[in-house]
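Asker: got a sequence here, can you model it:
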Amino acid sequence: MAGTIKKGSVVVAVGTKKGGFLFHSADRRHWSVAGPFLAGSTVYHMILDPRDGRTVYSAAPHAAEPWGPAVYRGRAGGELTPTESAPKFKDGSGLAVTRVWNIEPGSADDGHMIYAGVEPAALFRSPDQGDTWEDIASLNYDPTRKDWQPGGGGLCLHTTLVDPRKPQHLVVAISAVGTFESKDGGRTWTTENRGVRADFLPNRYPEWGQCVHKLAWDASRDGSIFQQNHCGMYHRGPEGGTWTEVTKGLPSDFGFPIAAHPHEKGTAYVVPLIGGGNRAFPKGQMAVWQTTNRGKTWRRSTKGLPGPNAYMGVLREGLSVDAEDPLGVYVGTNTGQLFASRDEGNSWKMIADFLPPILSVSAGAAR
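Answerer: Below is the predicted model of the structure:
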């Protein structure tokens, strides 16, 4: 480990196939790195909790292999240790957690609540930073569960959105089942997939069965959401209901990550890939695409990014933004390169190379 993380620094938490890293910078020009943390372990997700700017959470296998998946916690730059317990299905369910995919902080008013999305697809929450966990039965044992099918990465609940205005409003994404929404803190759920294509099914517009890849709140703060799907890009307005496809203008209807601007309404970033089995950048040119009008138009950014002949890709959690002005955007590749933009995605600089394959990128600010 190296480098003291100063208050006010931008911190980019990076999870890889062989540990986690914290890149940090006071000016976003010169970067230092702390890590690796959990060296040798597959870190599926790593975040700096935005509520205190000090606590780091990580999802990785338990160091004692027989104990299975674990959630780790620690102070930024310090050691990460397993929380006192891990998400676990109720006895008699016939289900066992094989992987923790995602850790999501609760509302700003609750500095201890965190959510965990796991495989096989389920949602858990902890009121005490991961020491105890609640099995959210209303979703996890939904009557349709017996018919849920996995996506290429497994049957995983990989995204949890907590409404910053109404913490009881939750939205989750399951691959390849679709989007579910609760407006009562997880007591009841509805499927929210109207208008989303599932080209791989006989019925292209089923109630559920879509392969949603990632969700992000629109900065409008009215409940609007962006969605990157296996079959297109979508936006849903503040009243919910049907999703509008906004793929037109992109080079592909396939991609994994999406990151929304935290302050500018209707603004988001995506990384389109060639679909099917290839899953690499179109024409071998790495590019990040931006919309500022909820997907009506898209703009391509390649300055400082590799290509042509750059045939790598970006995974589901491989794209993030900070909250600085101008906005910083960060993207990590499955071949171990980390790129940063300090001008809202107009130009890019590689800040790390030769990392293990990058599984997650999450930007925040140290306090």
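Asker: mind jotting down where the strands sit in the stretch 201-350 of the chain?
Answerer: Along the stretch 201-350 of the chain, the stretches classed as strands by DSSP state E, counting those that start in this stretch are 212-217, 225-229, 232-236, 244-245, 254-260, 268-273, 288-291, 299-301, 319-321, 329-332, 338-341, 349-352.
Asker: can you tell me which of the ones you listed is nearest to residue 29?
Answerer: strand 349-352 (8.6 Å; Cβ to Cβ). No exception for glycine: its C-beta is placed from N, CA and C like everyone else's.
Asker: mind listing the strands that closest one pairs with, and their directions?
Answerer: The sheet places strand 349-352 alongside strand 338-341 (antiparallel), with pairing taken from DSSP bridges.
Asker: now tabulate the strands of the stretch 201-350 of the chain in JSON lines and tack on distance to residue 195 and mean neighbour count.
Answerer: Shown next, in JSON lines, are the strands of the stretch 201-350 of the chain (distance: least, Cβ to Cβ, whole Å; neighbours: other Cβ atoms under 10 Å):
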{"stretch": "strand 212-217", "distance to residue 195": "12", "mean neighbour count": "23"}
{"stretch": "strand 225-229", "distance to residue 195": "10", "mean neighbour count": "27"}
{"stretch": "strand 232-236", "distance to residue 195": "7", "mean neighbour count": "24"}
{"stretch": "strand 244-245", "distance to residue 195": "7", "mean neighbour count": "16"}
{"stretch": "strand 254-260", "distance to residue 195": "17", "mean neighbour count": "25"}
{"stretch": "strand 268-273", "distance to residue 195": "18", "mean neighbour count": "24"}
{"stretch": "strand 288-291", "distance to residue 195": "18", "mean neighbour count": "22"}
{"stretch": "strand 299-301", "distance to residue 195": "24", "mean neighbour count": "15"}
{"stretch": "strand 319-321", "distance to residue 195": "24", "mean neighbour count": "25"}
{"stretch": "strand 329-332", "distance to residue 195": "28", "mean neighbour count": "26"}
{"stretch": "strand 338-341", "distance to residue 195": "31", "mean neighbour count": "24"}
{"stretch": "strand 349-352", "distance to residue 195": "38", "mean neighbour count": "16"}
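Asker: which residues touch stretch 340-352?
Answerer: For stretch 340-352, contacts defined as Cβ atoms under 8 Å, 6 or more residues apart in numbering pick out 12, 14, 21, 23, 28-29, 31, 33, 269, 288, 290, 301, 303-305, 324, 326-330, 336-339.
Asker: now do the same end-to-end measure for that stretch.
Answerer: 9 Å (Cα to Cα, to the nearest Å).
Asker: reformat the strands of the stretch 201-350 of the chain as JSON lines; add distance to residue 78 and mean pLDDT.
Answerer: Formatted as JSON lines, these follow (distance: least, Cβ to Cβ, whole Å; pLDDT from 0 to 100):
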{"stretch": "strand 212-217", "distance to residue 78": "29", "mean pLDDT": "98"}
{"stretch": "strand 225-229", "distance to residue 78": "34", "mean pLDDT": "98"}
{"stretch": "strand 232-236", "distance to residue 78": "39", "mean pLDDT": "98"}
{"stretch": "strand 244-245", "distance to residue 78": "45", "mean pLDDT": "98"}
{"stretch": "strand 254-260", "distance to residue 78": "27", "mean pLDDT": "98"}
{"stretch": "strand 268-273", "distance to residue 78": "31", "mean pLDDT": "98"}
{"stretch": "strand 288-291", "distance to residue 78": "32", "mean pLDDT": "98"}
{"stretch": "strand 299-301", "distance to residue 78": "35", "mean pLDDT": "98"}
{"stretch": "strand 319-321", "distance to residue 78": "22", "mean pLDDT": "98"}
{"stretch": "strand 329-332", "distance to residue 78": "22", "mean pLDDT": "98"}
{"stretch": "strand 338-341", "distance to residue 78": "22", "mean pLDDT": "98"}
{"stretch": "strand 349-352", "distance to residue 78": "21", "mean pLDDT": "98"}
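Asker: what is the burial count for the closest residue to residue 266 other than its chain neighbours?
Answerer: Nearest in space to residue 266, with sequence neighbours left out and distances taken as Cβ to Cβ, 6 or more residues apart in numbering, is residue 294 at 4.1 Å. Neighbour count for residue 294, taken as other Cβ atoms under 10 Å: 19.
Asker: quick one: contacts for residue 294?
Answerer: Residues in contact with residue 294 (Cβ under 8 Å, 6+ apart) are 218, 224, 226, 235, 246, 266.
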